[in-house]
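Asker: The sequence isn't on hand, but the structure is:
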């Protein structure tokens, strides 16, 4: 995880990388980054399991940061809707980086809703 964060360019435009030395300022910077896209849509690079070498990149349809986790250890976390597939509560200590993407939702969601398919006529008995 630490190696992945070090390899990330912290000066890349729009990119948020957690700063463990100043968690409060880091959280405020995340709030600012999330506000740059509708519902916080963007790309999240994170480690799905503690002490694991796996790093995952997910498209987020929604991202909502919270300063306090409501269960167990109190820490900052992000409520993430991953490309319509899952809702995840991810502690920020597992996040490598987040990049807001205001166009992501429009690429994944259709401009018009899917048409309603009418049910076949039902025989009244």
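Answerer: Right, received. Where do you want to start? A quick note: this is a predicted structure, and the numbers were derived from the prediction, not measured.

Asker: what's residue 11 in contact with, if anything?
Answerer: Contacts for residue 11 (Cβ atoms under 8 Å, 6 or more residues apart in numbering) come out as none. For glycine as for every other residue, the C-beta is placed from the backbone atoms N, C-alpha and C.

Asker: Could you rerun that using 10 Å?
Answerer: residue 17 (Cβ atoms under 10 Å, 6 or more residues apart in numbering).

Asker: Return the set of buried residues in stretch 15-29.
Answerer: 15, 16, 17, 18, 26, 27, 29 (16 or more other Cβ atoms under 10 Å).

Asker: For the strand ranked longest in the chain, buried residues please.
Answerer: If you go by DSSP state E, the chain has its longest strand at strand 56-66. Applying a neighbour-count criterion of 16+ other Cβ under 10 Å, the buried positions in strand 56-66 are 58, 59, 60, 61, 62, 63, 65.

Asker: Kindly report the same for stretch 46-54.
Answerer: Residues of stretch 46-54 classed as buried: 46, 47 (neighbour count, 16+ other Cβ under 10 Å).

Asker: measure that stretch end to end?
Answerer: 9 Å (Cα to Cα, to the nearest Å).
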